[in-house]
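Chemist: I would like the atomic coordinates for the input below:
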Amino acid sequence: MSRRPTRRRSQKTDGTEQLLLVIGSLVIAAAAVAAIVDFVRAYPWVPVVLVLLAGGALWAQLAQRQRAAQWERARSQGLRYALSQLDALHHRQFEHAVRDLMRRDGCTDAVQVGGAGDNGADVKATDPYGRRWVVQCKHRRAGLSGAAVGTPDLHVLNGTGRPVHKGDVIVLVTNGKFSKPALEFARSQRLHLVDRTLLAEWASGSRPLWELLRAVPPPRRPTSLS
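Modeler: Have a look, this model is predicted:
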């Protein structure tokens, strides 16, 4: 008989503690809401900044997804070149092939401009990140057995790529090879070289060129191509 009152008191105690916990939680929540309201009243610009930051992050994520979708659509179109195909081209056709590869990668404004008075540029393009590409093409009928591309060609490209053509990424593409002095000069002048090996990977459709090159400048501000 003596145990029953003890159980009742225990049950009442548990109920009281739960009620106090609920009341305490409500008081804390109300205090937190009041503090937030007071903070917003004191600093009304903070919510605006937070909303802008969240919106910017969401926009960046959506833009990245859109660019990935553009590349996937371009890749799925199936433009591919084997080295044997590129070797067999006329040098002007080679420039058109490079232009088409840039278009495949999402550079919808890519144009072939090589010819008399081209000032060292054979292809110009704007990538989906807003960067301006200036590309010079050097075709070798003999491929890897042909003469190595040397520094004189790079001197011309380096002298016009940025000051004349306003390029962000200055590239020389060949189906052959580069001389050692050319490699060293390119590194010193922030020029990008695409040799036979890299061209084969790019032309096979594995990835866009800007993912294959090292130290490509960061994206510009969004453009109509982004």
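
Chemist: residues near Leu50, how many?
Modeler: As a burial measure, the neighbour count of Leu50 was computed by other CB atoms under 10 Å and equals 10. Yep, even glycine has a C-beta here, placed from its N, CA and C like the rest.

Chemist: which SS class is it?
Modeler: helix (DSSP: H, G, I helix; E, B strand; the rest coil).

Chemist: so how far is Phe39 from it?
Modeler: Noted for Leu50: a distance of 12 Å to Phe39, by CB to CB, to the nearest Å.

Chemist: may I see the buried residues of stretch 100-114?
Modeler: By neighbour count, and taking 16 or more other CB atoms under 10 Å as the criterion, the buried residues in stretch 100-114 are Asp100, Leu101, Met102, Arg103, Arg104, Asp105, Gly106, Cys107, Ala110, Gln112, Val113, Gly114.

Chemist: that's a helix at the first one, yeah?
Modeler: Yes - the secondary structure assignment for Asp100 places it in a helix, going by three-state DSSP.

Chemist: identify the residues contacting it.
Modeler: Residues in contact with Asp100, defined by CB atoms under 8 Å, 6 or more residues apart in numbering, are Leu79, Ala110.

Chemist: which residue sits closest to Ala215 in space, ignoring its chain neighbours?
Modeler: Setting aside the residues directly before and after it, Ala215 is nearest to Arg190 in space (CB to CB, 6 or more residues apart in numbering), at 7.5 Å.

Chemist: helices and strands of this protein: which one has the lowest mean pLDDT?
Modeler: Scoring the helices and strands of the chain by mean pLDDT, DSSP states H and E places helix 45-76 at the bottom, with a mean of 71.

Chemist: can you name the next helix or strand after that one?
Modeler: For helix 45-76, the succeeding helix or strand toward the C-terminus, using DSSP states H and E, is helix 83-87.

Chemist: contacts for that following helix next, please.
Modeler: Judged by CB under 8 Å, 6+ apart, the contacts made with helix 83-87 from elsewhere in the structure are Phe94, Ala97, His139, Arg140, Arg141, Ala142, Gly143, Asn175, Arg196, Leu199, Ala200, Ala203.

Chemist: how about that helix: buried residues?
Modeler: If you call a residue buried by 16+ other CB under 10 Å, then helix 83-87 has these buried ones: Leu83, Leu86, Asp87.

Chemist: again, but for stretch 172-183
Modeler: Leu172, Val173, Thr174, Asn175, Gly176, Lys177, Phe178, Ala182, Leu183.

Chemist: need the max-distance pair from these.
Modeler: In the buried residues of stretch 172-183, the most distant members under the criterion CB to CB are Asn175 and Leu183, with 16.7 Å between them.

Chemist: I'd say the residue nearest to Ala215 and Ile170 touch.
Modeler: Yes - the pair Arg190 / Ile170 is scored as a contact, 7.5 Å apart, by CB atoms under 8 Å.

Chemist: neighbour count: these two, which is higher?
Modeler: Here Arg190 and Ile170 are set side by side on neighbour count (other CB under 10 Å), and the busier one is Ile170, at 24 against 13.
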